[in-house]
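Visitor: predicted model follows, preceded by the sequence.
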Amino acid sequence: MSKYLNKSQLIAKSIKAELLSIMKNRILYILGLFAITPLLFLTGCNDELEIGPTVTISSITPGSAYGGDAITIQGENLNTVDAVFVGDKHANDIQSMSESSITFIVPRTAAVGQSTITLAMANNYRVTSDNFEVLLRPVPEIYAISPSGAAPGEEVTIAGVNLDILTSVTVGGVAANTVSATSSRLVITVPDGLPLNSTTEIEVATQEASAVSTSIFYVGNNKIANSDFELGSGDDFDSWDKFNGGDQMTEVTGGDAYFGRSMRVVGAAANPWNTQLASAPMELNFGSEYTAVLWAKAEAAGAQMRVSASQYDGNGADYFYGETVDIPTEWTQLSWTFTVGKDLETHRFILDMGMTNVPFLIDNVTLIETGAAGPPIPQNLLANNGFENGLDNWAVLNGSIEVTTEEIHCGNQALKITGAGNNPWDTQMAADVVPLVLGQQYEVKLWAKAAEDGAAMRISASRYNGGNGDDYFYGADVSLTTDWAEYTWVFTVGKDIPDGHHLVLDMGAANKVFYLDDVSLTEYVDVPPVNLLANGSFEDGLESWAVLNGSIEPTTEDAADGTNALKVTGAGNNPWETQMAADAVPLVFGQRYGVKLMAKAIGDGAVMRISASRWNNSNGDDYFYGDDAMLTTEWAEYTWEFTVGKDIPDGHHIVLDMGASAQTFFIDNIILYEIPEFVCP
């Protein structure tokens, strides 16, 4: 082999020498890294070599804190820190910084628990400490509120937890002043500016969390004195009277009470009033609506109670008996609403608790006026109007009239009438004399039920009396249905009779049997009903109405009110051949409604009726056809009443059937209104 190397060999030898040199240098570099690594760990650098002075952490004070609290780090060269992290959250609220300390706010979003604090410097230089804990800040809770109703400026106590670390307390969104606060009790005053006599929420909040009351709380004047039972000692409760079963109404305190001091009741297991508690007498507004709420808890299933007003006194002062309710075995708010039906100087709110002997507890009884009185409720001027005392205060003048229990509308008795089948006065009775005011309007209402079709009656005033001319009103005959129904007449007093006036029932026109109950004579109060129909005055033409058949058009020729009315020309055949329907409205199945409208005919013979709901391709939605009304040539009001006989989810139609005659007439101001349910006296 030649001892001389060619050009290729020389190049290969050179490359080999260079590679050996590189490998040697790389080994020395790695060894050098191993030599300096302990130094890096000692200084807390976790990525690359530090640039600038060494940063150290000597202490963190305090060692645990809530999100939002300030903490201070002591150490060296802390003025070179660019950023601070708690866990993975940037603490961007630096309060102060110097060479030896940093004070900052723990981020509110920092994870609760043991956490790492990281100081970040230039060139990704990091220093960390694991000696810090983020605390879970306490969350407020509301357990109970007492009382359940209070007026602005009055105090309310809230029971719960963590009520002494709050940042705000609001009632209905309005800030409330704090009177005192401990962890378990918070006393506030109800602020001004809230809607009165309405429910609202109480909210307590910290920086991190809030709690909202779930119990019913009213802003308003609680009519019940000592409503929370806190006043009194032993088994006595100030401002409350134990009428019956008082020894079974006892004090409960401590953990079993709803709030502070409650009452335990063991009923008589007899009549509701056999265990009875009454509030102190109070003034209530006649005709106003009131809502009562109270807390109750049964010790076992089966407990019951109700409320009533006013105190039974033997002379008819009672006007409300609430529904009997079952009492749950957990603290629950029970509620009743009623209207003051007697104009009394003072009223009592009564707890009737004698239905069972299952023990239960009550607390925080609240009574708030939730609906102001509307027009005065007129008082019935007739005595024994339900015939519960037979024929007392009534005089049978002619015919067959007797007390019966066969059919009754309310109470235990009614009247059975057998008509003479001749003149109206051939079967006749008169109420005792009552004073009426000349020129004043009065309204008569009564309930009647015929044994068969064809029964009829009317009223008159005053009683015909030996030709002395005192009669001044004869009402229109009404045809009685075979179901209990209410009939109404309104009249104006046309004679000034110093000795008083008689309401007379004229019932002899037909020889039919019918029953009569619950007669009232009151001053007439015209309270416009709420119209459930849109565009009932036709001022917007036929908007919200559909012409189904015949000639019906808006007109300004004649109107009962406003500018527009409708002009109708009947087809002179079937009622539905001239017909229109209102847009569908939701009506309640079984509820009673009325329809009123104004009409005026151009000539005699015009007739119309209403029906409900609209006939619709034989789907069976029709449930009412009203009687025909004969229209006069002067504007007059016509009325129909009906009970909803179909449950129609898509709504109900009021239909005007106007094709029975070929006459032209005008209609205006149609009103559909709900008739309040009759409440037996």
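Guide: Received, thanks. Numbers count the residues shown, from 1 in each chain.
Visitor: what about Val644, how many neighbours?
Guide: Counted by other C-beta atoms under 10 Å, the residues lying close to Val644 total 18. All C-beta spots, glycine's among them, are computed from the backbone N, C-alpha and C.
Visitor: name the nearest residue to it, ignoring sequence neighbours.
Guide: Of all residues not flanking Val644 in the chain, Leu587 sits nearest, at 4.8 Å (C-beta to C-beta, 6 or more residues apart in numbering).
Visitor: how about that neighbour, what does it touch?
Guide: Leu532, Tyr593, Val644, Ile648, Gly651, His652 (C-beta atoms under 8 Å, 6 or more residues apart in numbering).
Visitor: read off the pLDDT value for the fourth one.
Guide: Which is Ile648. pLDDT, Ile648: 91.
Visitor: check the gap between Ser213 and Val179 for me.
Guide: Noted for Ser213: a distance of 17 Å to Val179, by C-beta to C-beta, to the nearest Å.
Visitor: ChimeraX command to pick out the buried ones of the contacts of Leu587?
Guide: Of the contacts of Leu587, the buried ones go into a single ChimeraX selection, burial set by 16 or more other C-beta atoms under 10 Å:
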select :532,593,644,648,652
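Visitor: save the contacts of Leu587 as TSV, and put in distance to Gly220 too.
Guide: Conversion of these to TSV gives the following (distance: C-beta to C-beta, whole Å):
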residue	distance to Gly220
Leu532	30
Tyr593	33
Val644	35
Ile648	39
Gly651	36
His652	37
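Visitor: Asn398: which of the contacts of Leu587 is nearest?
Guide: Closest approach between those and Asn398, by C-beta to C-beta: Tyr593, at 36.8 Å.
Visitor: identify each buried residue in the helix or strand containing the closest one, please.
Guide: Assigned by DSSP states H and E, Tyr593 belongs to strand 592-601. Under the neighbour-count criterion of 16+ other C-beta under 10 Å, strand 592-601 has Arg592, Tyr593, Val595, Lys596, Leu597, Met598, Ala599, Lys600, Ala601 buried.
Visitor: which element is encountered next along the chain beyond that strand?
Guide: strand 607-612.
Visitor: quick check: angle from that following strand to strand 592-601?
Guide: Strand 607-612 runs at 150 degrees relative to strand 592-601, counting by axes from the mean of the first three to the mean of the last three C-alpha atoms, to 10 degrees.
Visitor: CA atoms only: put strand 607-612 into PDB for me.
Guide: Extracted C-alpha coordinates of strand 607-612, given in PDB (Å, rounded to 0.1, in the frame of the first residue of the first chain):
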ATOM      1  CA  VAL A 607    -134.400  41.300  16.900                       C
ATOM      2  CA  MET A 608    -131.000  39.900  17.800                       C
ATOM      3  CA  ARG A 609    -129.300  37.500  20.200                       C
ATOM      4  CA  ILE A 610    -125.800  36.400  21.200                       C
ATOM      5  CA  SER A 611    -124.200  32.900  21.200                       C
ATOM      6  CA  ALA A 612    -121.000  31.300  22.400                       C
END
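Visitor: list the contacts of the helix or strand just after it.
Guide: For strand 607-612, the following helix or strand on the C-terminal side (DSSP H and E) is strand 624-625. Residues outside strand 624-625 that contact it (C-beta under 8 Å, 6+ apart): Arg609, Ser611, Ala612, Phe642, Thr643, Gly645, Asp657.
Visitor: nearest residue to Glu154 other than its sequence neighbours?
Guide: Here the residue nearest Glu154, using C-beta to C-beta, 6+ apart, is Val190, at 5.5 Å.
Visitor: also Asn422?
Guide: Gly508 (6.0 Å).
Visitor: just checking, that neighbour touches Ile401?
Guide: No - contact status for Gly508 versus Ile401: not in contact, 10.1 Å apart, counting by C-beta atoms under 8 Å.
Visitor: rewinding a little: Ser213 and Val179 - which one has more neighbours?
Guide: With neighbours defined as other C-beta under 10 Å, Ser213 and Val179 compare such that Ser213 has more, 18 against 12.
Visitor: tell me who's in contact with the spatially closest residue to that one that is not a sequence neighbour.
Guide: If the residues on either side of it in the chain are set aside, Ser213 comes closest to Ile202, at 4.3 Å by C-beta to C-beta, 6+ apart. Residues in contact with Ile202 (C-beta under 8 Å, 6+ apart) are Ile142, Ile145, Val156, Ile158, Val169, Thr170, Val171, Ala176, Ile188, Val212, Ser213, Phe217.
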